[in-house]
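Trainee: One predicted model, sequence on top.
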Amino acid sequence: MKKLFMVLLIAVMATTLSGCKNNDDDIREIELNVFMSFPRFQEQFEEYFELFSEKMLEEENIRVIINLEMPSSDTAQQLLQARLSSGDAPDIYTLHAIADIPSYYEAGYLLDLSDAEFVDSVYASVLESVTYDEKVLALPLESLAWGYLYNKDMFAEYGLTPPETLSEMEAVVATLNANGETAFELAFQESWIPQLMMALSLGGMINSEEPNFVENMNAGTGSYGDIDEVFGIIDLIMENGTDRPFETGGAAGSAAFANGEAAMWVQGPWMSGSILEVNPDMNIGLAPLPITNNADTTMINLSTSTSLGVSPSSENKDIAIKLVNFILDAEHSSALFEELKFNPLSSVHTYETFPWVDEAMSYVALGKAYLESALPNGVTDETAAMLQEYYAGTKTKQEVIDAIDAAWASAVALQN
Amino acid sequence: MRNSNKVLILFCLPAFLLYSIFVLYPALGGFWYSLTNWNGLNPTYDYVGLSNYLELLDDKVFITSLLFTAKYVLYMVVLQNVIALTLAIIIESLSKGKKVLRTIFFFPNMISMIVGGFIWMFIFTKVFPQLAEMFGIAILNESWIGNPEYSFYSILILSLWGSVGYLMIIYIAALQSIPGQLIEAAKIDGANKLQTIWHVVRPLIINSITIGIFVSLSTSFKVFDQVYSLTGGGPGRATQVVSMNIYMEAFAYQSRYGYASAKAIILFVTILLITGVQLFVMKRKEVEM
């Protein structure tokens, strides 16, 4: 019985295998492993890669089988790093443009894409964020222009406009308080959200009043004490925020903001999807965060987060690069980016953008924007933890400054 | 005899093989990495000797998390065993409903602590404030997750809820193994309930107490899921336990796998020493029947 079964199995396998060979003799078959930290966009990318496979089959007689792996974003980086360091690199993978490109490149895990087709169509300011060591190392996917979000209807109701300086912001907060509204949504359960306050205000300071800050910090002569003006706005936000922030995560925060529980939220437009899901009619506004009474420090942050790199160890580099180029394909790319609610970042993108993107771009057009600069590894995480403790009252302002200084110094020491 | 020993070893082999591949080999690997500066990403890394261990001596964050864990372990070992034993004694003395109560108290043990964490998160953040409003109990209206003074107790409550049932089963088994005539004899001699428990029951279940304390020591030193799902170690690092500190060191911040491995080795040695001493001391107190 068992033998018969084995014989049958072998016969079946043999016929299927030879079947493949006989029919498609002249078609080359190629497998590409694609690793993306976008489980929420699985369907969209699957469909899009289907288009690519069709195109390849038609134009080059290559059957491309794409193995798409989409782990959740909290585990993606650990999985990816384990893959890379064990020599099992995916052909194409997502990484953070500003935080990851330098270290991945130094470790030899990124292919130089400077000669790829897409480079010509990407906006210069976005291209700069994926360029390191004068090489284009990744294709930008998510490009961001962000500040804080505000409830346009609520602002209109009380006759408010986005403030340009800290004292104007204080006046806005006072008006909101007088009308029984809460000024700021605080969702501090996930530490990256309070960290956004520092990211924005630090960026504003570095790109106006303290241009040598990063240099000084790297040389060991600077300190966050030099930019302690940023605590002006941070204190203001923390003192005029919603209750129980440590019990509110990103999703709960989106819901609360969408329901008008607070007028402003220091949060990027990447949350617009979950906000609109709760309240599809919400008028989301986006403005740069004032830091001091110098209006020049009030700027929009331009950055690129998720981008797509190609592994140098890929066996099918040419096809992998073709796939990366196809992401910015003149014919199909607009539809994809529009569906994913990503910002346009290339001249091939012709879709209509969201009102808050236009609002952010209006500040960019006035020159009130800066390109996010990379901080040493670990500084952002340290800032995130420290700001939580600052709110909880377990760390004082000086302790926060000292801890971030120490994290910076240890990162610099490790790099050398 | 020899032959049957060989057969026994042979039966253990598959388990031992899996154990070696998934536990022993990575543990030894971890020890090796603790002597390097590997960052978990670079294909190359250097041997740095004991410098990771020397750096640990000055790592205030690590030491704070170690002390916080020690405090947690202390509370857990005492409360877990006292509650489990009390429950076991109460349930054993009941004439009806033993099985139902046993099941109810053991049930949380079947749930992953991550899920349990989310259940309690809901209770602490949504149910408690409601109760506070309805009955005017002010303490329920505190921020049980966000205020580090209270979140320690929320973590304790979750951990006890999840683990007491397991020890309770051990103690119930121990109580059932006590020969009835000994307790009867004590009764006839005029011992009251407490005296019986202290002078007859206690010496006879002391080997179970050894196991109970051992289990609670070794598991609470390694606590992770309860803290992760409830507070994430926060706000900031206010409720960060050692295992979470190790995790953050390896997978966040500067991804220092080597340094994180050194911390893990220190945790391992700590648990080994403390449980070793505990077993040694308590074994001497045990009586054989």
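Mentor: Here it is on my side, so go on.
Trainee: Quick one: name the residues of the stretch 151-300 of chain A near chain B.
Mentor: Taking CB under 8 Å from any CB of the partner chain, the part of the stretch 151-300 of chain A that reaches chain B is made up of A:188-191, A:244-247. Just so you know, the C-beta spots here come from the backbone N, C-alpha and C atoms, and that holds for glycine as well.
Trainee: run the last query once more with 10 Å
Mentor: A:188-191, A:194, A:243-249, A:252 (CB under 10 Å from any CB of the partner chain).
Trainee: just those now: which is nearest residue B:245?
Mentor: Minimum distance to residue B:245 across these is 14.6 Å, recorded for residue A:191 (CB to CB).
Trainee: got the phi/psi numbers for the closest one?
Mentor: Per-residue torsions, residue A:191: phi -70, psi -20 (degrees, to the nearest 10).
Trainee: what's the neighbour count on it?
Mentor: 24 (other CB atoms under 10 Å in any protein chain shown).
Trainee: Please apply the same query to the one 3 residues further on.
Mentor: Using other CB under 10 Å as the criterion, residue A:194 is surrounded by 29 other residues.
Trainee: do the same with the one 4 residues further on
Mentor: Counted by other CB under 10 Å, the residues lying close to residue A:198 total 26.
Trainee: residues in contact with it?
Mentor: Residue A:198 makes contact with A:224, A:227, A:230-231, A:233-234, A:266, A:375, A:379-380, A:383-384, A:386-387, A:390, A:400, A:404, according to CB atoms under 10 Å, 6 or more residues apart in numbering or on different chains.
Trainee: Recalculate using a threshold of 8 Å.
Mentor: By CB atoms under 8 Å, 6 or more residues apart in numbering or on different chains, the contact set of residue A:198 is A:230, A:234, A:383, A:387.
Trainee: Residues of the stretch 151-289 of chain B that sit close to chain A?
Mentor: Counting by CB under 8 Å from any CB, the stretch 151-289 of chain B sits next to chain A at B:231-232, B:234-238, B:248, B:251-256.
Trainee: Tell me the one of the residues of the stretch 151-300 of chain A next to chain B nearest residue A:325?
Mentor: The closest of those, once distances to residue A:325 are taken by CB to CB, is residue A:190, at 35.0 Å.
Trainee: wait, doesn't the closest one sit right on residue A:249?
Mentor: Yes. With contact defined as CB atoms under 8 Å, residue A:190 and residue A:249 form a contacting pair (5.5 Å).
Trainee: who's more crowded, the two?
Mentor: residue A:190 (19 against 16).
Trainee: Got phi/psi on that one?
Mentor: According to degrees, to the nearest 10, residue A:190 has phi -90, psi 120.
Trainee: just checking, residue A:292 touches residue A:231?
Mentor: No. Using CB under 8 Å, residue A:292 is not in contact with residue A:231; the gap is 10.8 Å.
Trainee: SS state for residue A:188?
Mentor: The three-state label given to residue A:188 by DSSP: H, G, I helix; E, B strand; the rest coil is coil.
Trainee: Just want to check the distance between it and residue A:290.
Mentor: From residue A:188 over to residue A:290 the distance is 21 Å, taken as CB to CB, to the nearest Å.
Trainee: Residue A:342 now?
Mentor: Per CB to CB, residue A:342 is found 28 Å from residue A:290.
Trainee: Tell me which residues touch the closest residue in space to residue B:131 that isn't next to it in sequence, please.
Mentor: Using CB to CB, 6 or more residues apart in numbering or on different chains and skipping residues adjacent in sequence, the residue nearest residue B:131 is residue B:140, 5.2 Å away. Going by CB under 8 Å, 6+ apart, residue B:140 touches B:128-129, B:131-132.
Trainee: Among these, find me the one that's closest to chain A.
Mentor: residue B:129 (8.4 Å; CB to the nearest CB).
Trainee: Would you enumerate the residues in contact with that closest one?
Mentor: B:140-141.
Trainee: repeat that with 6 Å
Mentor: Residue B:129 sits next to residue B:141 when contact means CB atoms under 6 Å, 6 or more residues apart in numbering or on different chains.
Trainee: Could you name the specific helix or strand carrying it?
Mentor: Following DSSP states H and E, one finds residue B:129 within helix B:128-135.
Trainee: Only the buried residues of that helix, if you could.
Mentor: For helix B:128-135, the neighbour count (16 or more other CB atoms under 10 Å in any protein chain shown) marks B:128-129 as buried.
Trainee: Could you pull up the mean pLDDT of whichever helix or strand comes after that helix?
Mentor: Tracing the chain C-terminally past helix B:128-135 and defining elements by DSSP H and E, one meets helix B:148-176 next. Averaged across helix B:148-176, pLDDT comes to 91.
Trainee: next helix or strand past helix B:148-176?
Mentor: Note on helix B:148-176: by DSSP H and E, the next helix or strand toward the C-terminus is helix B:180-188.
Trainee: got the angle for that next one vs helix B:148-176?
Mentor: Angle of helix B:180-188 versus helix B:148-176, following axes from the mean of the first three to the mean of the last three CA atoms, to 10 degrees, is 100 degrees.
Trainee: what residues does helix B:180-188 touch?
Mentor: The contact list for helix B:180-188 (CB under 6 Å, 6+ apart) reads B:196, B:200.
Trainee: cool, and stretch B:77-94?
Mentor: Applying CB under 6 Å, 6+ apart, the external contacts of stretch B:77-94 come out as B:98, B:101, B:105, B:160, B:163-164, B:167-168, B:171-172, B:175, B:212-213, B:216-217.
Trainee: In the stretch 51-200 of chain A, what residue spans correspond to strands?
Mentor: A:62-69, A:92-96, A:131-132, A:135-136, A:139-140, A:143-146, A:148-151 (DSSP state E, counting those that start in this stretch).
Trainee: Tell me which of those sits most buried.
Mentor: strand A:139-140 (a mean of 27; mean count of other CB atoms under 10 Å in any protein chain shown).
Trainee: Now do the closest residue to residue A:339 other than its chain neighbours, the pLDDT please.
Mentor: The shortest distance from residue A:339 to any non-neighbouring residue, by CB to CB, 6+ apart, is to residue A:44 (5.7 Å). As predicted, residue A:44 sits at a pLDDT of 89.
Trainee: Tell me how many other residues crowd residue A:44.
Mentor: 14.
Trainee: From chain B, how far out is it?
Mentor: Computed as CB to the nearest CB, to the nearest Å, the residue A:44 to chain B distance reads 28 Å.
Trainee: Same list, the strands of the stretch 51-200 of chain A, but as TSV with mean pLDDT please.
Mentor: Output for these, formatted as TSV (pLDDT from 0 to 100):
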stretch	mean pLDDT
strand A:62-69	90
strand A:92-96	92
strand A:131-132	90
strand A:135-136	92
strand A:139-140	93
strand A:143-146	87
strand A:148-151	93
